[in-house]
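[1] fold the following and give me the result.
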Amino acid sequence: MMLDNINLKDIDLNSFEIILNKAGRVVDGINHGRMVLKGDGVYYKIFDKDYCRRENFVKALESGFFDEVAPALQSLIVDGEDIVGYVCESGEIIGSEFDKVPDEFYQKILSLVNEKKMFFYDLVSLNIIRTKSGELSLIDLESVYDIEELYTIDKHNAKVKPDYYYIELQRLWRESMKKISFIQPSRNNLKYLKWSYESIRKNLDEGHEICWADDFSDDGTWEWMQEIAKKDPNVKIHRNEGPTRLGHTILYDTLVDMATNDIIMIYHADMYACPYMDLEVLRKLTRGSVVSATRIEPPLHPDGPEKILRDFGIEPEEFNEKELLEFVEGDLEHSDEKYTRGIFAPWAMYKDDCKAIGGHDPLYAPQSKEDSDIFNRFVLAGYRTIQTWQGFVYHMTCRGSRFKDGAMRNPAGQVFMKNRESSEWLAQNLKSTRNFIRKWGHMVKHDSYLKPIIPPKYDIGFVVEHCDSNMLKELEPWCSDMYGDWVGHKGFGVNQYIEEEQPNTKFKLSNKLHSHHTKPINDIVVSFDAQKLTPQNFQIIVNISEMLSDSGEIGDMEYDIFKFSIKSLQTYEKELIVCES
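    Numbering: from 1, shown residues only. You can find the predicted model right below:
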């Protein structure tokens, strides 16, 4: 389609009748600014440069979408290099919103959806005119979206019309649905992995890719993976040959690198995919977002509003698939409008969005807190977190190193984990928790639906008197630098602590721990006597980020046993978004 360009500056806006003027209109932070002017036998439509559908028009134009369905399009309006509108021939609207679109023209539109993978969302007779030459033509030409955006155009206050067209678009969307790469590390979880694999292949689109990593298992996992990979072309496998485990913190990103699809889903080995889970996740997924499915779990852990507690089995051997599927398909209340903002596995996003922030932080290897860390970074990066309540997994929970012995029932049928957390998991969780505090300055925080809450990160130095080895261990993670009188104090040397603790962290402790003779250089200096610390006033340290955010002021102040000297309240949490490791 060859079109002339008209410079915006050459249009005398005052010489035309204004039909619509919504220039500068912003709704919920989204620009809807545009205006329509009536000329001699033509209409001028002019967009704000930030208009939410301006790029839609340009993309559809360049794809040739309008070549046969918009003969009324005469010229483009440009401002410098940018297309900011168009000129259309005026014509007779062929009917009302409720009149059926002529079948021949309707079929042309459907063929374009197949060919261009784009759709005109407001396909009503009010948006179709008959030109002077008798041809039918679309108007409101910016009303075009990629087919993959069918279920997310509501963010622009757009709704597909009419209903029969929407039904057809849903079918075409499913046919062109993007494929997911499921990311599944596993360590001695073979029976759960088999159960999980069968559910993905039985209940979801067969074209999805599954990426497995065997983390030096000794239960036959690698041999089984190799066998499946020979039969299933959409399975990719990787093995950590040992002799020690790498953990899923590392292997998640190894598999993300292996994935060949644009979309990845972090997916635990003890999760059963319910039918249409993939479709429902993809319906909500856009670039710059992270979408979680909803977990249905047996009552092995405390309840919460972000999940559904219902017992359909605690081991694959007793899994009641029939009752689960009846529950999902019949008993659950289904509403397209329901979604919340929490984030947890299984979560899906575009692979390049994940890699843009550096993936998981190896600080937490082999496991624990790596998910809370990356979730914080997603939110700080501005990614939208969405939990769909239309797509579900059944999750047997914690069948890796945390509860190695699995679950069981007592004679009354009540379920519980056989043993408490393994010593391996407890030690690693403590190590990762300390590293999380070092990095973020606070414990893991989230709302009731598990959306991260991220207090500010300040540059804080502790000046501590009478600090013995036990108190040094408690205090060190909570500050950027620490200045103490420990050298020679009752035979205790700080080098001993560094020697013992340094293997547990990537933070260089020798650069963090200083003699009390060193002048503090931190934005905020907090001085106190370690002998006066109690469980009660230690909570001031635990919540210091929130306290400074709420009531911190430049200057000096005292609170309980603590003296604050505040030179700056600059925050640094956004510097943590990208993991460089």
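
[2] residue 499: how many residues sit nearby?
    12 (other Cβ atoms under 10 Å). All C-beta spots, glycine's among them, are computed from the backbone N, C-alpha and C.

[3] on the three-state scheme, it is what?
    helix (DSSP: H, G, I helix; E, B strand; the rest coil).

[4] where in the stretch 251-400 of the chain is pLDDT low?
    333-337, 399-400 (pLDDT under 70).

[5] just the chain next, same as before
    For the chain, the stretches flagged by pLDDT under 70 are 333-337, 399-406, 408, 416-421, 486-492, 581.

[6] which helix runs longest in it?
    Using DSSP state H, we find that the single longest helix of the chain is helix 423-440.

[7] quick one: residues in contact with that one.
    Here helix 423-440 makes contact (Cβ atoms under 8 Å, 6 or more residues apart in numbering) with 361, 363-364, 366-370, 372-373, 376, 401-402, 421, 443-444, 454, 457, 477-478, 504-507, 573, 576.

[8] rerun that using 7 Å as the cut-off
    With contacts defined as Cβ atoms under 7 Å, 6 or more residues apart in numbering, helix 423-440 is touched by 363-364, 366-369, 372-373, 376, 401-402, 443-444, 457, 477-478, 504-505, 507, 576.

[9] may I see the ChimeraX selection of the buried members of the residues you listed?
    To isolate the buried members of the contacts of helix 423-440 in ChimeraX, using 16 or more other Cβ atoms under 10 Å:
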select :363,364,366,367,368,369,372,373,376,401,402,444,457,477,478,505,507,576
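
[10] mind checking which of the contacts of helix 423-440 are in helices?
    Those of the contacts of helix 423-440 lying in helices (DSSP H): 372, 373, 376.

[11] can you list those in JSON lines and add distance to residue 535?
    Shown next, in JSON lines, are these (distance: Cβ to Cβ, whole Å):
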{"residue": "372", "distance to residue 535": "24"}
{"residue": "373", "distance to residue 535": "27"}
{"residue": "376", "distance to residue 535": "27"}
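
[12] among those residues, which one lies nearest to residue 558?
    When those are ranked by distance to residue 558 (Cβ to Cβ), residue 376 comes first, at 31.5 Å.

[13] quick one: the closest one and residue 452 touch, right?
    Yes - counting by Cβ atoms under 7 Å, residue 452 is a contact partner of residue 376 at 5.0 Å.

[14] contacting residues around residue 54?
    By Cβ under 7 Å, 6+ apart, the residues touching residue 54 are 47, 84, 142.

[15] make sure the second one is actually in contact with residue 45.
    Pointing back at residue 84 there. No - using Cβ under 7 Å, residue 84 is not in contact with residue 45, being 9.5 Å away.

[16] burial of the nearest residue to residue 244 once chain neighbours are set aside, as a residue count?
    Nearest non-adjacent residue to residue 244, counting by Cβ to Cβ, 6 or more residues apart in numbering: residue 216, 7.2 Å away. For residue 216, the number of neighbouring residues by other Cβ under 10 Å comes to 16.

[17] cool, and the one 4 residues further on?
    The local packing of residue 220 (other Cβ under 10 Å) involves 12 other residues.

[18] what residues does the helix or strand residue 272 falls within touch?
    If you go by DSSP states H and E, residue 272 is part of strand 271-273. With Cβ under 7 Å, 6+ apart as the test, strand 271-273 has contacts from 195, 196, 199, 200, 203, 204, 346, 393, 394, 395.

[19] residues contacting the second one?
    With contacts defined as Cβ under 7 Å, 6+ apart, the neighbours of residue 196 are 269, 270, 271, 272.

[20] surely residue 254 is in contact with residue 212?
    No - taking contacts as Cβ under 7 Å, residue 254 lies outside contact range of residue 212: 10.8 Å.

[21] of those two, who's got more company?
    Set side by side, residue 254 and residue 212 show more neighbours around residue 212, with 26 against 17, by other Cβ under 10 Å.

[22] report the central residue of this structure.
    The centroid of the chain falls nearest to residue 290 when counting by Cα atoms, centre = their mean (2.1 Å).

[23] hang on, isn't that one packed against residue 375?
    No - between residue 290 and residue 375 there is no contact under Cβ under 7 Å: 8.1 Å.

[24] what touches both of these two?
    Counting by Cβ under 7 Å, 6+ apart, the contacts common to residue 290 and residue 375 are residue 343.

[25] which residues in the stretch 1-150 of the chain form strands?
    Under the criterion DSSP state E, counting those that start in this stretch, the stretch 1-150 of the chain contains strands at 4-7, 17-21, 26-27, 30-31, 34-38, 42-47, 73-79, 82-89, 92-93, 118-120, 128-130, 136-138, 144-146.

[26] right, and the ones you listed - which one's nearest residue 409?
    strand 144-146 (49.3 Å).

[27] and after that closest one, which helix or strand comes next?
    Following strand 144-146 in sequence, per DSSP H and E, is helix 163-175.

[28] returning to what we had before: ok, the residue nearest to residue 244 - contacts?
    Here residue 216 is in contact with 240, 241, 242, 245 (Cβ under 7 Å, 6+ apart).

[29] tally of neighbours for the third one?
    In this case it means residue 242. 11.

[30] so it: helix, strand or coil?
    coil.

[31] how close does it sit to residue 148?
    41 Å (Cβ to Cβ, to the nearest Å).

[32] with residue 449 instead?
    Distance from residue 449 to residue 148, by Cβ to Cβ: 26 Å.

[33] same check on residue 387?
    20 Å.

[34] looking at the two, which one has more neighbours?
    residue 387 (26 against 18).

[35] in this structure that one contacts residue 338, no?
    No - using Cβ under 7 Å, residue 387 makes no contact with residue 338, being 9.4 Å away.

[36] next, count neighbours for residue 32.
    19.

[37] residue contacts, it?
    Contacts for residue 32 (Cβ under 7 Å, 6+ apart) come out as 22, 25, 26, 51, 52.

[38] try 8 Å
    Residue 32 sits next to 22, 25, 26, 51, 52, 156, 157 when contact means Cβ under 8 Å, 6+ apart.

[39] drop anything exposed from those.
    By the neighbour-count criterion of 16+ other Cβ under 10 Å, the contacts of residue 32 include these buried positions: 51, 52, 156.

[40] distance check, the first one against residue 88.
    Separation of residue 51 from residue 88 (Cβ to Cβ) stands at 17 Å.

[41] ditto for the second one
    From residue 52 over to residue 88 the distance is 20 Å, taken as Cβ to Cβ.

[42] between the ones in helices among the contacts of helix 423-440, which is closest to residue 124?
    Among the ones in helices among the contacts of helix 423-440, and counting by Cβ to Cβ, the member closest to residue 124 is residue 376, at 44.6 Å.

[43] quick one: which two of the contacts of strand 271-273 are the most distant?
    Maximum distance among the contacts of strand 271-273 (Cβ to Cβ): 15.9 Å, for 204 and 395.

[44] between those two, which has more neighbouring residues?
    Between residue 204 and residue 395, counted using other Cβ under 10 Å, residue 395 has the larger neighbour count: 24 against 18.

[45] backbone dihedrals for that one, please?
    With angles defined as degrees, to the nearest 10, residue 395 sits at phi -120, psi 120.

[46] residues contacting it?
    Residues counted as contacts of residue 395 (Cβ under 8 Å, 6+ apart) are 268, 270, 271, 272, 295, 296, 297.

[47] sounds good, over and out.
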